[in-house]
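In: Below: sequence and its predicted model.
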Amino acid sequence: MVVDEFTNDRSLTRSPSMQHMPKSHIVYWNPLSPDNAEKWTPIPGFEGAIEELTLSLDPESGEYTRLTRFHPGADTTSLGSKSHNYPEEVLIIGGRLYD
């Protein structure tokens with residue numbers, strides 16, 4: 001069975017197995033502003049070339065939403081190509097990312 005949801009007059013289709021993660025509410029802020037640079041944390045093993053910013057976290061399920069920032073020259077080729085059994089959304093603001 002497929003459940004339809006409607007957001008902004010667009011139909012999104014979700015499998016019933018996809019649970020909805022509770023989201024916390026915070027006042028709008030710009031994660032890319034230099035004023036928020038301290039909120040980003042380095043991802044271990046990448047010598048500061050890759051950082052993350054957790055936007056929401058469900059402690060019960062472990063599900064989370066995060067932004068990942070790759071600085072120029074960040075190299076993940078040693079990890080090989082990745083695939084996930086969960087949805088991943090990618091927004092490239094500038095530059096290129098090779099997977």
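Out: Happy to help now that I have it.

In: Please give me every residue in contact with I43.
Out: I50, E51, E52, T68 (CB atoms under 8 Å, 6 or more residues apart in numbering). (Glycine included, C-beta is placed from N, CA and C.)

In: Among these, which one sits closest to T76?
Out: Closest approach between the contacts of I43 and T76, by CB to CB: I50, at 7.5 Å.

In: Number of residues surrounding that closest one?
Out: Neighbours of I50 under the rule other CB atoms under 10 Å: 18.

In: How about T54?
Out: Other residues within reach of T54, judged by other CB under 10 Å, total 12.

In: That one belongs to a strand?
Out: Yes. Checked against DSSP: H, G, I helix; E, B strand; the rest coil, T54 lies within a strand.

In: Quick check, it in contact with T65.
Out: Yes. Proximity of T54 to T65 meets the contact threshold set by CB atoms under 8 Å, at 7.5 Å.

In: quick one on the thing from earlier: list the ones among the contacts of I43 that fall in strands.
Out: If you go by DSSP state E, the contacts of I43 have I50, E51, E52, T68 in strands.

In: how about the second one, what does it touch?
Out: Under the criterion of CB under 8 Å, 6+ apart, the contact partners of E51 comprise W40, T41, P42, I43, T68, R69, H71.

In: Against S61, how distant is it?
Out: For E51, the distance to S61 equals 24 Å [CB to CB, to the nearest Å].

In: for this protein, where's the lowest mean pLDDT among helices and strands?
Out: strand 3-7 (a mean of 41; mean pLDDT, DSSP states H and E).

In: Any idea what the residue nearest to the spatial centre of the chain is bridged to?
Out: Nearest to the mean C-alpha position of the chain, counting by CA atoms, centre = their mean, stands R66 at 3.5 Å. Beta-bridge partners recorded for R66 (DSSP bridges): T54.
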